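Undergrad: sequence-free structure coming up:
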């Protein structure tokens, strides 16, 4: 399993993903789920993946191949006029990949090849945009009512984002919010794990404004985890006591 979040704020986009892949508790490995491409001054596109690793890597591989031989095949990442068309093409690649894998396996184990993808980025002259692509190839776009998307193991970190999100928040606060969301998920589910990949894309920057990998010994993430845990315990003990008698 994995956990990825893409968030739209007024200043741009904030993205975070974990890197854990496993086939059981005794077979754990690290693999990036975040990939990006950019044309300086013109566009940046970032993709995060969750689900069957072979399926998502096949999609990423096809996208990557298009950047290496632009004269031989259409390069959606660098040539599509809108982010909507980028998301549409990623959706087609995902749907076709899943369909081919299922057909090759006699359509057995239909859920085995399930995967989902977050597509984020900006093309010059347009707004930063965020999409969630489903296994069927269709997708939805973030808006004022739904300003963030999660894929993978979403349930543990979602309440944190819902309570803390503000479209006008700074990038620094947005990163802090996502770190709390990921810390809550890490504490609750062993299938999500460090390192974490973080990317901030500022409006009209067309490059990664900030990008880093958060490792096991990261002092800031450790501080967030510790202080958040203490704050939760303090808030719990400050709540009114429940009384068994009516007196």
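TA: Happy to help now that I have it. Because the structure is a prediction, the values reported are computed rather than measured. Numbers count the residues shown, from 1 in each chain.
Undergrad: so what secondary structure elements neighbour the helix or strand bottoming out on mean pLDDT in the chain?
TA: In the chain, the helix or strand scored least confidently by mean pLDDT, DSSP states H and E is strand 20-22, which has a mean of 83. In this structure, strand 20-22 packs against strand 28-30, with contacts taken as 3 or more C-beta pairs under 8 Å, 6 or more residues apart in numbering; DSSP states H and E. C-beta here means a position set from N, CA and C on the backbone, and glycine is covered the same way.
Undergrad: gap between the strand it packs on and the chain center?
TA: Distance of strand 28-30 from its chain centroid, counting by C-alpha atoms, centre = their mean, to the nearest Å, is 18 Å.
Undergrad: One more: stretch 182-190?
TA: 15 Å.
Undergrad: if we look at it, which residues are touching it?
TA: 1, 3, 5, 16, 18, 25, 153, 156-157, 160, 192-194, 196, 221, 224-225, 228 (C-beta atoms under 8 Å, 6 or more residues apart in numbering).
Undergrad: Specify the beta-bridge partners of residue 9.
TA: Assessed by DSSP bridges, residue 9 has beta-bridge partners residue 12.
Undergrad: can you tell me how far it sits from residue 214?
TA: Separation of residue 9 from residue 214 (C-beta to C-beta, to the nearest Å): 19 Å.
Undergrad: got it, and residue 151?
TA: For residue 151, the distance to residue 214 - C-beta to C-beta - is 19 Å.
Undergrad: on that earlier part again, out of the contacts of stretch 182-190, which end up buried?
TA: Neighbour-count burial (16 or more other C-beta atoms under 10 Å) applied to the contacts of stretch 182-190 gives 1, 3, 5, 16, 18, 153, 156-157, 160, 192-194, 196, 221, 224-225, 228.
Undergrad: Which ones among these map onto strands?
TA: 3, 5, 16, 18, 196 (DSSP state E).
Undergrad: wait, what's in contact with the residue nearest to the last one when sequence neighbours are not counted?
TA: This points to residue 196. Once flanking residues are discounted, residue 196 sits nearest to residue 214: 4.2 Å by C-beta to C-beta, 6 or more residues apart in numbering. Counting by C-beta under 8 Å, 6+ apart, residue 214 touches 179, 194, 195, 196, 197, 198, 220, 221.
Undergrad: thinking the fifth one is in contact with residue 34, fair?
TA: Yes - with the criterion set as C-beta atoms under 8 Å, residue 197 and residue 34 qualify as a contacting pair; they are 4.4 Å apart.
Undergrad: Please report how far the residue nearest to residue 148 when sequence neighbours are not counted lies from residue 151.
TA: Computed as C-beta to C-beta, 6+ apart, the closest residue to residue 148 that is not its neighbour in sequence is residue 7, at 4.1 Å. To residue 151, residue 7 is 13 Å away according to C-beta to C-beta.
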